[in-house]
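1. give me a 3D structure for the following:
(one chain, ligands or ions: 3)
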Amino acid sequence: MFAQIIVDVPTMQTNQPYTYAIPDKFVAVVEAGMRVVVPFGKGSRQVQGFVVGLQDDYHGEVDLKEITDVVDVAPVLNAEMLELADWVARENFAFKISVLQAMLPNVMRAKYVKTVQLRDPALLETDAMLRDFFTDRFEVPLDDNHVTPEVLTALHKYARLGQVAINYQVGNRAKIKLVTAVKPILSAEKYDEIRQGLRPTAKKQARLLTYLMTASPNWIAQKEIIDATAVDYTTLKKAETNGWIQKGEIEQYRLPKLTSAITATEPLPLTEQQAHVFTTLSENLTDDAKSQTYLLEGVTGSGKTEVYLQAMATVLAQGKTALMLVPEITLTPQMVRRVKSRFGEAVAVLHSALSDGERYDEWRRIERGEARVVVGARSAIFAPLQDIGLIILDEEHDASYKQEENPRYHARDVALWRASYHRATVVLGSATPSLESRAHAQQGQYTLLRLTQRVQTQPLPPVSLVDMRESIKSGSDDLFSNELLEALRQRLARGEQSVLMLNRRGYANYVSCRDCGFTPTCVNCDLALTMHKVTNSLICHYCGYQEPIPKTCPNCGSQRIRPFGAGTQKVEAMLKEYLPTARVLRMDQDTTRKKGATDGMLEAFGNHEADILLGTQMIAKGLDFPDITLVGVLNADTTLALPDYRAAERTFQLLTQVSGRAGRADKPGEVIVQTYNPEHYALRFAQTHDYEGFYQYEMAIRKEWQYSPYYYTIQLKVLHESQTESARVAYEIADWLKPYLDLQTVMLGPSAGSVARLNNKYVYRIVIKYRQSAKLFEALDELMQAGQRLQRQKVTLLIDRDPVNFV
Ligand SMILES: Nc1ncnc2c1ncn2[C@@H]1O[C@H](COP(=O)(O)OP(=O)(O)OP(=O)(O)O)[C@@H](O)[C@H]1O
Ligand SMILES: [Zn+2]
Ligand SMILES: [Zn+2]
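-> Ligands and ions are numbered 1, 2, ... in the order given. Predicted coordinates:
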């Protein structure tokens, strides 16, 4: 037997698997999706690799090397994942090894100690070999050198049946947690009989026996029994001696904690609009469903989440599984609670704030089929769910769905792939869909569904734009207008709550005129120019255009053209000055760094322990608190100045999202947006909550400037320690690519990266705008595979498809 293996050798990256021979002792064990150790290269260094295929024959010339060792006893990636990894690697010019690794939890990637855990103690009675192996323990280290092929083969078999598990431990980080457990071993009738015979004073024993009568004959954590029956350890000890129960150890998952208990909730009766959406979705949530994508465009507070929950319940009832992705920052306890209160233990949460151990536990619960609902951020799209019926992407427009490092996949694309594999339904939900998705709906690739009203038909809050150019002239400072301070005072007097957002995106990276609002833009691209203090210049991150930082405003001649500044701490201090009685809760990267801090703060705000929630973009999404009646945006413009053709879209989305936090329950809300660009269309459309208007307007601009969704973008970056070498290679690549570009394809650059050096390497960039991809992609693929040659020259080449940031 022979195996095809993708090896993990950073300096020899290639997407071609290597063929290795499988020695006899591993023939019964090795399967696709397992990791193995193989010799590689001249010195036959031992490296890890993934088995991606098996074959009976080999007709090549060379003598094949043999697999040295197996890392896994059961596959850690199934057939779907292997196929998906191929696709993700191909579509994103990524290396397969990095994709395969991205699919696994951290602990399985690092150096580890392996253990075998006995999950079904009954095995010991039937298999003498296993009895010797485990002796008197439930979990033993697995050191491959000391395990005979027979035992390995047996473990392999039991692992497939779920009777033993192979666990990975990194130091102590991801140790399996074992707890004492009890198993009822007598019949209900027998327990009843014993109970009848007890002395009347044996109250505790009676309680225990009553509990055992109705308990299922599985292992139950001892603590659970004690909590339920209020018996003590002595009672349990006695019960064991009496032969009523068996004691042992079971694995306890480190379930991510919530600060307070969850109460079960029932589905809410749907509003007319929700019901219409749900009915339409239900037509495809059937056993013989086909893969189908819906775009749910629903205003803030329209009850999208309730529709998701009910759709999830539908597929679960069919025995299928459901996956719900939300942006990292909206994966709040409030959100998790909403899902867990419906589906309880069936929910696994995958979140970057989890410890490696917690994440690994959740991953295994999913893999074993114990968790059938997954809620998570971007990387949860690789959750090892089987038989998926429904995939939801909430806030589908969110930029965090694109991974900004290798492999640079977009979770939306992966979602569509997996849905087509499982013939599942996809729901992309947002109050402000991405232009790409909305355009797909326009063309009929997605089915468009709308929720135009809030749940209790509360109106969307009125939004007023405060022109800061005027405001400053009349004596306010450039952080607080009189209008906003007055509105905050009103809320304090009424005991209502306010949310204040300081927009930090693109902060201090650009200059703007305080008198006329003018921000310098690129002559080629119409994008805001980014400030570079070192060179005292403004640079276009897209095409490389440069100009000196102007001393006076080119638009109105004012000298008050300067960078943006001031952080949340400054704002907090000023709030204290203006509104001494207000209780302010500041939420930013500093105050939320500690694990669980965000949860605590949101809970405190929910309990009215603060009047004002001050924060960065992280407060714009998802919050659902009934007493927020005022939302203030201190500076709407910073996102407008992002060096990104999506700047207007991002601004519109952010303002719409944050406005949506006000007036969600019975009290009417109000939004105040401070800006230097009150005429900008992104603000105008956000003011009237007019997504469709914005969409039409922005599409016309994208068409004119040849941006997505009309054109796609690919960014190539060349990095080298020497600037001349970096430039030389970039020009070489550009020349090499030219013959592959058709007439509609535009190549910008090479130009020096706007951040001249990254990690001490000089960056040169090429940006390609294209409509037809076939020929171009072939060329890029070839280029990537040539990466090895580049590696030897110490050149790094990065290929980023549809980049979110131009740096
Ligand atoms: N059918 C219903 N009946 C009563 N209340 C509902 C119903 N559907 C949703 N709600 C409540 O209305 C509020 C808003 O709903 P939800 O958070 O699902 O909206 P959303 O569209 O996801 O909002 P956003 O996009 O602004 O986060 C929630 O408090 C939710 O519990
Ligand atoms: Zn000006
Ligand atoms: Zn430009």
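
2. who are the contact partners of the nearest residue to residue 725 once chain neighbours are set aside?
-> For residue 725, ignoring the flanking residues on the chain, the nearest one in space by Cβ to Cβ, 6 or more residues apart in numbering is residue 795 at 7.1 Å. In this view, the C-beta of every residue, glycine as well, is placed from N, C-alpha and C. Contacts for residue 795 were tallied using Cβ atoms under 8 Å, 6 or more residues apart in numbering; they are 718-720, 725-726, 729.

3. and the nearest residue to residue 31 once chain neighbours are set aside, how close does it get to residue 225?
-> For residue 31, ignoring the flanking residues on the chain, the nearest one in space by Cβ to Cβ, 6+ apart is residue 75 at 5.1 Å. With distances taken as Cβ to Cβ, to the nearest Å, residue 75 is found 36 Å from residue 225.

4. the closest residue to residue 614 other than its chain neighbours is in what secondary structure piece?
-> Closest residue to residue 614 apart from its sequence neighbours, by Cβ to Cβ, 6+ apart: residue 500 at 4.6 Å. Residue 500 belongs to strand 497-501 when assigned by DSSP states H and E.

5. how near is residue 28 to residue 700?
-> Using Cβ to Cβ, residue 28 is found at 64 Å from residue 700.

6. again with residue 377
-> 34 Å.

7. more neighbours, the two?
-> residue 377 (22 against 10; other Cβ atoms under 10 Å).

8. the closest residue in space to that one that isn't next to it in sequence: how many residues sit nearby?
-> In this structure, residue 377 finds its nearest non-sequential neighbour in residue 328, 4.2 Å apart by Cβ to Cβ, 6+ apart. As a burial measure, residue 328 scores 16 neighbours (other Cβ under 10 Å).

9. isn't residue 328 right up against residue 379?
-> No - the pair residue 328 and residue 379 fails to qualify as a contact (Cβ atoms under 8 Å) at a distance of 9.8 Å.

10. shared neighbours, these two?
-> Joint contacts of residue 328 and residue 379 (Cβ under 8 Å, 6+ apart) are residue 352.

11. what number of residues lie near residue 587?
-> By the criterion of other Cβ under 10 Å, residue 587 has 20 neighbours.

12. for it, which non-adjacent residue is spatially closest?
-> That would be residue 615: by Cβ to Cβ, 6+ apart, it lies 3.7 Å from residue 587.

13. got the contact list for that neighbour?
-> 499-502, 568, 586-588.

14. closest one of the residues you listed to ligand 3?
-> Ligand 3 has its nearest neighbour among those in residue 502, at 28.2 Å by Cβ to the ion.

15. name the helices or strands packed onto the host helix or strand of residue 683?
-> Residue 683 is part of helix 681-687, with elements assigned from DSSP H and E. Counting contacts by 3 or more Cβ pairs under 8 Å, 6 or more residues apart in numbering; DSSP states H and E, helix 681-687 is packed against strand 463-467, helix 647-659, strand 670-675, helix 691-705.

16. out of these, which gets nearest to residue 190?
-> For residue 190, the closest of the helices and strands packed on helix 681-687 is helix 647-659, at 60.4 Å, according to Cβ to Cβ.

17. quick one: mean pLDDT over the closest one.
-> Taken as a whole, helix 647-659 has an average pLDDT of 92.

18. can you check stretch 60-80 too?
-> Stretch 60-80 shows a mean pLDDT of 87.

19. endpoint to endpoint, that stretch covers what distance?
-> Taking Cα to Cα, to the nearest Å, stretch 60-80 runs 29 Å from one end to the other.

20. gap between that stretch and the chain center?
-> 30 Å (Cα atoms, centre = their mean, to the nearest Å).

21. list the buried residues of that stretch.
-> 67-68, 70-77, 80 (16 or more other Cβ atoms under 10 Å).

22. now, which of the residues you listed lie within strands?
-> residue 70 (DSSP state E).

23. run through the residues that contact residue 765.
-> Applying Cβ under 8 Å, 6+ apart, we find residue 765 in contact with 544, 715-718, 730, 749-753, 806.

24. now do residue 793
-> Counted by Cβ under 8 Å, 6+ apart, residue 793 has contacts 720, 725, 729.

25. any figure for the gap between it and residue 728?
-> 10 Å.

26. which SS class is residue 345?
-> helix (DSSP: H, G, I helix; E, B strand; the rest coil).

27. what about it, how many neighbours?
-> For residue 345, using other Cβ under 10 Å, the count is 13.

28. what's the answer for residue 677, then?
-> Neighbours of residue 677 using other Cβ under 10 Å come to 23.

29. what does the one 3 residues further on give?
-> With neighbours defined by other Cβ under 10 Å, the count for residue 680 comes to 19.

30. and the residue nearest to residue 377, how far from residue 395?
-> Separation of residue 328 from residue 395 (Cβ to Cβ): 10 Å.

31. next one: residue 748
-> Separation of residue 748 from residue 395 (Cβ to Cβ): 30 Å.
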